[in-house]
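In: The following comprises the amino acid sequence and a computationally predicted model.
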Amino acid sequence: MGAGDPSRCLALLAVLPSTGRLGVSAAAVRAFLLLLGQLGTSFPGRLSSARGTAAFIHLEAVRGARVKLDAFIQCSVAIIGGKICVYTVLSYKSMVYFETDTERGTAMKRISGVVLHITSLPGPYGIGTMGARAGEWIDFLHSAGQRVWQILPLSPTGFADSPYQSCSAMAGNPYLIDLDALIGDGLLTREEAGGYDFGGDPDYVDYGLIYQNRMSLLRKAYGRGKGDPEAAAFAAAHKSWLPDYALYMALKRSFGMTALSRWPDRAIVSRDPDAMRRARETFSDEIEFHSYVQYLFFKQWKALKAYANERGVLIMGDLPIYVAEDSADVWARPELFQLKGPAKPSRVAGVPPDFYSATGQLWGNPLYDWEYHKKTDYKWWRGRIRHARDFYDIIRIDHFRGFHTYWSVGANAKTAISGRWVKGPGLPFVEKLKTALPSGSLVAEDLGDMGGTVRQFFANTGLPGMKVLVYAFDPDNDSEYLPHNAPKNSVCYTSTHDSPPFVDWLYGDAGEGERELAFAYLRLREDEGLGWGAVKAVWGSPAGLAMAPFQDILGLGRDARINVPATVGGNNWRWRVREEAFNERLALRLLEVTKTYKRG
């Protein structure tokens, strides 16, 4: 192992002394830099600041990247020795994810994980939360050898209870705040928390009851926590978005929760300064309430994510490409969107006719004014990505192809069939996003129409894409989605939140030829459990990251599907897992598969 050998540098990084749960000491970082120097390694970085136990390093030589070495030992190390190589470690106390990026080539350490949204966790209050059950789920993942927990967007749910139609790109979902934690903090009593009806079905969320009753309890917590200096400090730290969000929510409540476009006070909709001043005065307490709720959410999420990282589990989050028409973002920053008047989109998002709908999918989200974003050097988007970086270790951007070309539909259209493709911001924009994140922490959702120059666009980004098993079994072709065809720089899934669970697909959506190929290719056996054949194939693929929704590990079918695209209502976003699923026998079985295929 010679001077500058990357494996030696990684080993040194992995054993940096920690100051405890809070992170790596500044002295340890300085010592690490000195060791690199002694190895003869040119390290184009400098220790720029140290606050408490967190130390920050700026790397200036790699795409102008600004990367921090923080409590979770998340950093990039540039090794110069003829060529520039970038070595990335995402870890807490141990190295769990390793990517090498050399001249656009990528090799990932083989790891795996499970998809399960927080709302799907079990628990006593009608919906999964960021409390004890979430900690138990993390413990299950750890014992099963899993290194990634993928969740859906954490933002407040909007139209049809979808996390992809949120009223804010920045806020957290109040429904996820754990009531038992509030009891522990003295903000609620157990009698108060148990005095509301959140639904009696352990398998499905009743969003109607959650909507009616959850906020009442949070108002009680606010009454006891009002004036907390930590909440005030939180509000000051998030002043770029929180005041507008809190005022938007206060106004929305005063207007009977009607959509922004139907607010009766047009002066408020157009943000007339006098009307805004009066609203802030009139609704000052309600504004403070919504700000306090966000403080509670962020406090609990920060603690949960820290626990996951301590247990060696990375959080992979989903970032919707668009925001909802009825949102604080459209109201507060209308210049960012294609609008024909206050809160009135001129063009909206969707996709053309596809597998799910013969008339396409009309999403209705306002489209971005990309010319304006370009003039600002994409400031809003860079801020959004930095914000997401604090939530997640790995970020999957939904509908990533919209950065190449997006489907634009007239705002008054009844279906998406009349839309047209319009050029998006392209590769220069993607490079801006990449410089705002540690290398290896961005995944591009590349499903759907990949015709024309779209495929080359994805290749040029160098980002890992997705390969999904339930789309693989074309009996007449060697599909790119078959596990043996998955490139190393990809994420291979058994299924996704938008597809049927594997077993549901096998006996529901699959044609006879697809089913026969699936049984033969996967060597499916009823006695083993059909889901395990899918898991083994994906875990055995060359893909750096293998993922399965928990439904597929459990071998569940249609009743456990989390979403059917192009539909509203039904059981969309409602499914919950039973607590007994987090058992040692299942964890050991998943661990065995993970070890067999050299992941972890």
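Out: That came through fine.

In: what residue is smack in the middle of the protein?
Out: Gly317 (1.6 Å; CA atoms, centre = their mean).

In: Per-residue pLDDT of it, please?
Out: Note on Gly317: pLDDT of 97.

In: That one belongs to a strand, doesn't it?
Out: Yes: Gly317: assigned to a strand according to DSSP: H, G, I helix; E, B strand; the rest coil.

In: list the contacts for it?
Out: Gly317 makes contact with Gln150, Ile151, Pro153, Leu154, Ala388, Phe391, Tyr392, Ile394, Ile395, Arg396, according to CB atoms under 8 Å, 6 or more residues apart in numbering. The way it works is simple: take the backbone N, C-alpha and C, and place the C-beta from them, glycine included.

In: Mind checking which of these are in strands?
Out: In this view, the contacts of Gly317 that belong to strands under DSSP state E are Gln150, Ile394, Ile395, Arg396.

In: Turn the buried ones among the residues you listed into a named ChimeraX selection, would you?
Out: To isolate in ChimeraX the members of the ones in strands among the contacts of Gly317 that are buried, counting by 16 or more other CB atoms under 10 Å, one can use:
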select :150,394,395,396
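
In: Identify the farthest-apart pair in the ones in strands among the contacts of Gly317.
Out: Distance extremes for these: the farthest pair is Gln150 and Ile395 at 10.7 Å, using CB to CB.

In: For the two, list the residues in contact with both.
Out: Met316, Gly317.

In: could I get the contacts of Gly317 as CSV with distance to Asn485?
Out: Output for the contacts of Gly317, formatted as CSV (distance: CB to CB, whole Å):
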residue, distance to Asn485
Gln150, 22
Ile151, 27
Pro153, 29
Leu154, 33
Ala388, 30
Phe391, 32
Tyr392, 28
Ile394, 23
Ile395, 25
Arg396, 21
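
In: Which of those residues sits closest to Met130?
Out: Using CB to CB, those come closest to Met130 at Leu154, 9.3 Å.

In: How about that closest one: what's its closest non-neighbour residue?
Out: Closest residue in space to Leu154, ignoring its immediate chain neighbours: Gly172 at 5.4 Å, by CB to CB, 6 or more residues apart in numbering.

In: unless I'm mixing things up, the one you found is touching Thr157, no?
Out: No: taking contacts as CB atoms under 8 Å, Gly172 lies outside contact range of Thr157: 11.2 Å.

In: Quick check, pLDDT for the closest residue to Pro342 other than its chain neighbours.
Out: Nearest residue to Pro342, sequence neighbours excluded (CB to CB, 6+ apart): Ser270, at 4.3 Å. For Ser270, the pLDDT comes out at 97.

In: Please determine how far Ser270 is located from Asn563.
Out: For Ser270, the distance to Asn563 equals 35 Å [CB to CB, to the nearest Å].

In: Please identify which of those two sits among more neighbours.
Out: Asn563 (20 against 14; other CB atoms under 10 Å).

In: quick one, what contacts the more buried one?
Out: By CB under 8 Å, 6+ apart, the neighbours of Asn563 are Ser162, His497, Asp498, Asn572, Trp573.

In: Now for the spatially closest residue to it that is not a sequence neighbour: which residues touch it?
Out: Excluding its sequence neighbours, the residue lying closest to Asn563 (CB to CB, 6+ apart) is Asn572, at 4.9 Å. When contacts are counted by CB under 8 Å, 6+ apart, Asn572 is found next to Ala160, Asp161, Ser162, Ile562, Asn563, Val564.

In: Can you tell me which of those has the most neighbours?
Out: For the contacts of Asn572, neighbours tallied by other CB under 10 Å; top is Ile562, 23 neighbours.

In: all strands for the stretch 501-600 of the chain, in order.
Out: Taking DSSP state E, counting those that start in this stretch to define them, one finds strands in the stretch 501-600 of the chain at 545-549.

In: where does it have low pLDDT?
Out: The stretch 501-600 of the chain contains no residues with pLDDT under 70.

In: residues near Thr567, how many?
Out: Neighbour tally, Thr567, other CB under 10 Å: 13.

In: Now do the strand or helix carrying Gln294: which elements does it pack against?
Out: Counting by DSSP states H and E, the element that carries Gln294 is helix 284-310. On a contact count with 3 or more CB pairs under 8 Å, 6 or more residues apart in numbering; DSSP states H and E, helix 284-310 meets helix 132-143, helix 207-225, helix 229-237, helix 242-254, strand 314-319.

In: looking at those, which is closest to Tyr295?
Out: Across those, Tyr295 has its closest neighbour in helix 229-237 (4.2 Å, CB to CB).

In: Quick one: work out the angle between that closest one and helix 242-254.
Out: 100 degrees (axes from the mean of the first three to the mean of the last three CA atoms, to 10 degrees).

In: Now do the buried residues in helix 229-237.
Out: Buried, per 16+ other CB under 10 Å, within helix 229-237: Ala231, Phe234, Ala235.

In: I figured the first one hits Gly225, correct?
Out: Meaning Ala231. Yes: using CB under 8 Å, Ala231 is in contact with Gly225, at 6.8 Å.

In: which residues are in contact with both of these two?
Out: The contact lists of Ala231 and Gly225 share Tyr292, where a contact means CB under 8 Å, 6+ apart.

In: Three-state assignment for Arg280, please.
Out: Applying three-state DSSP: Arg280 is helix.

In: so it touches Asp244, yeah?
Out: No: applying CB under 8 Å, one finds Arg280 not in contact with Asp244, separated by 10.7 Å.

In: Look at the two and report which has more neighbours.
Out: A direct count of neighbours by other CB under 10 Å for Arg280 and Asp244 places Asp244 higher, at 19 against 14.

In: How confident is the prediction for that one, by pLDDT?
Out: pLDDT, the model's per-residue confidence, is 98 for Asp244.

In: So the closest residue to it other than its chain neighbours versus Gly569, what's the distance?
Out: Nearest non-adjacent residue to Asp244, counting by CB to CB, 6+ apart: Ala332, 3.8 Å away. Here the criterion is CB to CB. By it, Ala332 lies 30 Å from Gly569.

In: With neighbour numbers in mind, choose between these two.
Out: Legend: neighbour count by other CB under 10 Å for Ala332 and Gly569, higher for Ala332 (16 against 10).

In: Is it correct that the more buried one is in contact with Met249?
Out: No: counting by CB under 8 Å, Ala332 does not reach Met249; the two are 11.9 Å apart.
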